[in-house]
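Enquirer: okay, predicted coordinates and the sequence, questions at the end:
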Amino acid sequence: MLSLFRKYSGGLLASSGMDLSMPIDSAPYVVMDTELTGLDFRNDSIVSVGALRMLGTRIEVSRPFYEVVRPSTELTSKSIVIHEITHSETEQKPGIETIMDEFLKFCEGAVLVGHFISLDLRFLAKEMKRFGFGSLKNPAVDTSVIHDWMSQNKGDFSSNYFAGTESKDLFSLAKKFQVPVQGAHNALMDAYVTAQLFQRFISMLIKLGVRTLRDLLRIGKP
Amino acid sequence: MIHEEIIEFLSKVPPFQFIDDAALKSIAQAVSMDYYPKGTVIMKQNDPASDHLRIIKKGGVKVFIASEDGEEVVIDYRGEGDTFGFLSLIGKDKVRANIVAVDDTICYLLDKDNALKIMNSQPVFTEYFLKSHLTKYIDRTYSEMHNKSMMYGGTDRILFTSQVGDIAIRDVVSVKEDATIQEAAQVMCQNKVSSLVIYDKNDFPAGVITDRDLREKVVAKGRAIADQVKNIMSLPLIRVDATDYCFEAVLKMIKYNIHHVLVVRDGMLKGVITNHDLMLLQGTSPLSFAKDIENQYTLEGLAPLANKLNKIIGLLLKEGAKASNITKIISELNDRLVKKVLEIAEKKFGTPPVSYCWIAYGSEGRKEQTFKTDQDNALIYSDPKTPEQEEAAKKYFSEFTVYVRDGLINVGFPSCEANYMASNPQWCQPISIWKKYFLNWIQHPNPEALLRSVIFFDFRALYGNLSLAGELREYLIHNLKDQNIFFARIASLILKNRPPLGFFRSFMVNKDGEHKDQLNLKLSGIGPLVDLIRLFALESAIHETSSMERLHAMKESHPIAIELGEEIEQAFEFINLLRIHHQLDQMERKVPLDNFINPSKLSNLEKKSLKESFQLILKIQDGIEEIYRAGMVGG
């Protein structure tokens, strides 16, 4: 059955082998964030990866994933200002290839969640390809996309949250949904903020009729 | 970073704040975090047992059960730092209550295995959950407060931590009652003791003689040393139990003005404890203060002592004494001052035409005074037998009471603004008038009568012909029997003063004015408890006036005292302690004393204890409302 399913659905989603009829409030997720040397896909690379597992709305705060690596391209002063990871910190670190196995294991069987996650996924895919890791097959959703969808499909209950237009970067949304922010632009702490945002979204989504993983992937795909 | 955040939060929350760092760290490495939007049903009655202990990080929940006819009975509201799901976790039972988020709520979840692991290694953790929250926490709060002001080395603290048996090393030295004074003195010399127990012919201890008896009753009086020792022994035997704290011995020495107290263990005379033993133990202290009072014979000499009293109290407090012990000592020492003033007054005015009894009421009557004590006193005198005697009594007592009032002001008791003093002719009356007052208040419980009865019914004899006060007490108890309308009126008065706890267990504080963001501990906490305990005591025909003694006296007879006596006692101790600490702090900062505290400045544990105390009061008040509803409507 599984192999059949994989074949017909094709691409990233199905090859993860996840049961898409699973209710969104009991499905496994990995909420992740990366910090980069810059935003240029060709010339920049990953400096750190932070991730947290969730089971439904429950964040497994006790087992975070967080690694700083030696980037394969130069750290730029512009990015150092943002993530505060300096040369001396990365110098002694191993390259990203040494943490990839562990990270893939951490993500096993979970839907990936991130804020503007396509950027993180693109950089991850680039690094994985470079070191011959194949591709990350997990389904993924983007909290900014989910937020957009909810704004357009708001029910009465959420009118307070979705009134007006505003910036939808992670920290503006955190503020809006009263998620406390500490240590911004650290990959793990940003993942933690994203996780708490997603935690709140899950219960709102259920009220808007988004019940299964299949529903979630339809509205939240990056 | 996430772990640090969890540890920081837990380290401020009981019971986690009491467990060691390693255990706290292992908890932080085991918890998960969940979010429940407002209205979420987190646990449902009769569901399978919960598999997590939940600690509220933010928000709050309502705990309620649904009765068989579908009625919702709210058991509790829990907020930040509170936990839920424990009972269900350790029992294999179904969930007993519904838990619904009343606000958007974030919880840390500790799974069953890890919770059990912590319980096994950290007894304090289990203890917290298994006993009722209030009763066991109070002791820890004491030590917390105690640590805050640990600036003195241990001196008087020993009074509260050492048992009499530990320091009463002197064996009992005794003689038979038919021994001569000289023989007794020789035995004392041989054994190098300052006291001697006298046994009667049946070998029961009958009395005690001390160095002082030899000095005062023999040498000074020129009594023959061949006289029998039983003629100079002191009666009755004042004793303490070996398991009592030394402080009890000090209290007895102050009270009976003696320096030797017998120590009894398992009903047998085991030793003697002397003021010298206690002095050695703790340096100078309340005892020497009592002696200072005793040695004064003029108002001028007494006056400087009042300030010293406050210093002693501060010291006791800093050494971790319980509130009820401190107020007891304050009362005992204040009593001494008052008695001394009365003695001095008697010397000035001569023997009164009829006997009288000086009584105290209000907090003084309940022995619950703190630093700031107004005069609350009155005088009962024997009914005069002739009009001439009546005239003489009126004249004598009117001058006498004014002198005493001024004397008391002089030694540090400010006069009472509402003029509840014996110098007010209204409160200086023969016993027959007092009986009429009391009866009238009971039978016509208008607001003024109620106000007076709650003040005066806590009266206590202080000096003079104590049997007059005893007679009045008996009269009061007799006439209170079945006075249900009166009790209902008292009850409705009590219900007008609800503790300032808002919905969702937040403190309600003054919104503006001089005491913005503060609440009045006396008015909102101590007052309601005292009033409740008084109501129960009057209903139960209890003679005692102090709230704690009342509670003990009815702990087997009054239904509410049986059920909640211990919690009431702890709540009372706690609020009183908060108040005394607050006043001591004010005294040290040399600002006027009051009863206002800002609850947001309390530690989490103090907040929790205060909330629990307030909740207890609310609970009892609700119970009373139930009982007296009919009377309130009818009356």
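Expert: Done, it's in.

Enquirer: now B:K201, what's its secondary structure?
Expert: Recorded secondary structure, B:K201: coil (DSSP: H, G, I helix; E, B strand; the rest coil).

Enquirer: need the pLDDT of it.
Expert: The predicted local confidence for B:K201 comes out at a pLDDT of 81.

Enquirer: could you check the distance from B:F9 over to chain A?
Expert: 11 Å (Cβ to the nearest Cβ, to the nearest Å). All C-beta spots, glycine's among them, are computed from the backbone N, C-alpha and C.

Enquirer: what sits against that residue?
Expert: For B:F9, the contacting residues are B:57, B:108, by Cβ atoms under 8 Å, 6 or more residues apart in numbering or on different chains.

Enquirer: pull stretch B:174-190 out as CSV, backbone CA atoms only.
Expert: Coordinates of the C-alpha atoms in stretch B:174-190 are reproduced here as CSV (Å, rounded to 0.1, in the frame of the first residue of the first chain):
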residue,chain,number,x,y,z
SER,B,174,14.1,16.9,97.2
VAL,B,175,13.3,16.6,100.9
LYS,B,176,10.2,15.5,102.8
GLU,B,177,7.7,18.1,103.9
ASP,B,178,8.5,17.5,107.6
ALA,B,179,12.2,18.4,107.1
THR,B,180,13.3,21.6,108.8
ILE,B,181,14.3,24.7,107.0
GLN,B,182,17.9,24.2,108.0
GLU,B,183,17.9,20.6,106.8
ALA,B,184,16.5,21.7,103.5
ALA,B,185,19.1,24.4,103.2
GLN,B,186,21.9,21.9,103.9
VAL,B,187,20.6,19.6,101.2
MET,B,188,20.6,22.5,98.8
CYS,B,189,24.2,23.4,99.7
GLN,B,190,25.4,19.8,99.4
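
Enquirer: for it, what is the distance to the chain centroid?
Expert: Taking Cα atoms, centre = their mean, to the nearest Å, one finds stretch B:174-190 lying 42 Å from the centre of the chain it belongs to.

Enquirer: equivalent analysis for stretch B:473-482, please.
Expert: What separates the centre of stretch B:473-482 from the centre of its chain is 25 Å, taken as Cα atoms, centre = their mean.

Enquirer: can you list the low-confidence ranges for chain A?
Expert: Low-confidence segments of chain A, defined by pLDDT under 70, span residues A:1-16, A:154-166, A:183.

Enquirer: B:K607: which element?
Expert: helix B:604-634 (DSSP states H and E).

Enquirer: go on, A:L136?
Expert: Taking DSSP H and E as the criterion, A:L136 maps to no regular element, lying outside all helices and strands.

Enquirer: that one and chain B: what is the separation?
Expert: Relative to chain B, A:L136 is positioned 24 Å away (Cβ to the nearest Cβ).

Enquirer: quick one: residues contacting A:V68.
Expert: A:47-48, A:85, A:89-90, A:93.

Enquirer: near chain B, from the residues you listed?
Expert: Subset of the contacts of A:V68 in contact with chain B: empty, counting by Cβ under 8 Å from any Cβ of the partner chain.

Enquirer: picking that back up, next, the buried residues of the helix holding B:K607.
Expert: Of the residues in helix B:604-634, those buried by neighbour count under the rule 16 or more other Cβ atoms under 10 Å in any protein chain shown are B:605-617, B:620-621, B:624, B:628, B:631-632.

Enquirer: got it, and stretch B:194-206?
Expert: Taking 16+ other Cβ under 10 Å as the criterion, stretch B:194-206 shows B:194-199, B:205-206 as buried.

Enquirer: check contacts around residue 100.
Expert: Going with chain A. Contacts of A:M100 were listed using Cβ under 8 Å, 6+ apart, and they are A:127-128, A:131, A:133.

Enquirer: should've been chain B
Expert: So, once contact is read as Cβ under 8 Å, 6+ apart, B:V100 ends up touching B:39-42, B:61-62, B:64.

Enquirer: could the residues you listed be laid out in JSON lines, adding secondary structure and neighbour count?
Expert: Compiled in JSON lines, the contacts of B:V100 are given as follows (DSSP: H, G, I helix; E, B strand; the rest coil; neighbours: other Cβ atoms under 10 Å in any protein chain shown):
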{"residue": "B:G39", "secondary structure": "coil", "neighbour count": "11"}
{"residue": "B:T40", "secondary structure": "coil", "neighbour count": "17"}
{"residue": "B:V41", "secondary structure": "strand", "neighbour count": "12"}
{"residue": "B:I42", "secondary structure": "strand", "neighbour count": "20"}
{"residue": "B:V61", "secondary structure": "strand", "neighbour count": "26"}
{"residue": "B:K62", "secondary structure": "strand", "neighbour count": "19"}
{"residue": "B:F64", "secondary structure": "strand", "neighbour count": "18"}
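
Enquirer: now do the phi/psi pair for the spatially most central residue of chain A.
Expert: Ranked by distance to the mean C-alpha position of chain A (Cα atoms, centre = their mean), the top residue is A:G114 at 2.2 Å. Note on A:G114: its backbone torsions stand at phi -160, psi 160 [degrees, to the nearest 10].

Enquirer: bridging residues for it?
Expert: According to DSSP bridges, A:D142 are recorded as the beta-bridge partners of A:G114.

Enquirer: so who does it touch?
Expert: Counting by Cβ under 8 Å, 6+ apart, A:G114 makes contact with A:31-33, A:120-121, A:140, A:142-143, A:191, A:194, A:222.

Enquirer: need the max-distance pair from these.
Expert: Within these, A:A191 and A:P222 form the most distant pair, 15.5 Å apart (Cβ to Cβ).

Enquirer: neighbour count winner among the two?
Expert: In terms of neighbours (other Cβ atoms under 10 Å in any protein chain shown), A:A191 is the more surrounded of A:A191 and A:P222; the figures are 29 against 19.
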